[in-house]
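Student: Pasting a predicted model and its sequence here:
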Amino acid sequence: MGKSDPSHDPADGYLSGQLLIAMPGIGDPRFERAVVLVCAHDEEHAMGLAVNRPVDGLHLGDLLERLDIEHGAAPVLEEPVLIGGPVERERGFVLHTDDYRNDGSLPVADGLALTATREVLELLAAGEGPRRCFMALGYAGWGAGQLEQEIRDNVWLTCPPDESLLFGDDHDHKWSQALAKLGIDPSLLTAAAGSA
């Protein structure tokens, strides 16, 4: 899907382009059983979008109507809008395959980009735009060193994403599917995390 961006190499200690899988007992109901794609991570901050939290009863077509964007009947308009995270819940983000990019698109990982412009919404309304995408309201954010500390504290597991986890419609099972990618049976996990 394109040349890898060396700035998104998990070996450098940053997790851009990786999925975070919430451990049981995370202690924050906003992230219970959450699967979050890290979209940006550096020494100063981290930002991600939950990929498995649909807003009850809100589809992309509904959101476009609220934004006065005319649309037809493209299948993507029936997709649910997701809760990306608790920060800036009124702000929208489109995570998508990188077959579409504009000047405001942020490369997330090989094959993925994030765009938060009206232009991408207008393309989706016209039945055009990226091959796969989802719309999220809000995001998850961490300050300097916070995500790294949460990883050390066993709050999150990490794994590489795939299109079915990111763009699939089985939101209720994405958490267990992400754990299965790591060979972990969710029924064997306990809320009593610790370190040896």
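Tutor: Good, I have the coordinates.
Student: Give me the below-cutoff pLDDT ranges for the chain.
Tutor: By pLDDT under 70, the weakly predicted segments of the chain are 1-13, 190-196.
Student: Could you pull out the helices in it for me?
Tutor: Along the chain, counting by DSSP state H, helices occupy 60-66, 118-125, 146-152, 163-167, 174-181.
Student: and of those helices, who's closest to residue 87?
Tutor: Residue 87 sits nearest to helix 146-152 of all those, at 12.7 Å, using Cβ to Cβ. Using the backbone N, CA and C atoms, a C-beta is placed for each residue, glycine as well.
Student: just to revisit the earlier point, any chance of the helices of the chain in JSON lines with distance to residue 103 and mean neighbour count as columns?
Tutor: Converted to JSON lines, those look like this (distance: least, Cβ to Cβ, whole Å; neighbours: other Cβ atoms under 10 Å):
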{"stretch": "helix 60-66", "distance to residue 103": "22", "mean neighbour count": "17"}
{"stretch": "helix 118-125", "distance to residue 103": "9", "mean neighbour count": "19"}
{"stretch": "helix 146-152", "distance to residue 103": "28", "mean neighbour count": "15"}
{"stretch": "helix 163-167", "distance to residue 103": "23", "mean neighbour count": "17"}
{"stretch": "helix 174-181", "distance to residue 103": "31", "mean neighbour count": "19"}
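Student: And those: which comes nearest residue 42?
Tutor: helix 146-152 (10.5 Å).
Student: how far is the closest one from where the chain is centred?
Tutor: 18 Å (Cα atoms, centre = their mean, to the nearest Å).
Student: One more: stretch 67-80?
Tutor: Per Cα atoms, centre = their mean, the centroid offset for stretch 67-80 relative to its chain is 20 Å.
Student: what about it, how long is it end to end?
Tutor: End-to-end distance for stretch 67-80: 16 Å, by Cα to Cα, to the nearest Å.
Student: who touches that stretch?
Tutor: Stretch 67-80 has contacts (Cβ atoms under 8 Å, 6 or more residues apart in numbering) with 54-55, 58-61, 64-65, 118, 121-122, 124-127, 129, 133-135, 169, 171.
Student: So for that stretch, what gets flagged as buried?
Tutor: By neighbour count with 16 or more other Cβ atoms under 10 Å, stretch 67-80 contains the buried residues 71, 74, 76-77, 79-80.
Student: residue boundaries of the strands in this protein?
Tutor: Residue ranges of the strands in the chain, as given by DSSP state E, are 19-22, 35-41, 46-50, 54-59, 80-83, 87-97, 106-109, 112-115, 133-142, 156-159.
Student: The last one pairs with which strands, parallel or anti?
Tutor: Using DSSP bridges, strand 156-159 pairs in its sheet with strand 19-22 (antiparallel).
Student: ok, and what's touching the strand it pairs with?
Tutor: By Cβ under 8 Å, 6+ apart, the surrounding residues in contact with strand 19-22 are 31-38, 48, 51, 155-161, 165, 175, 178-179, 182.
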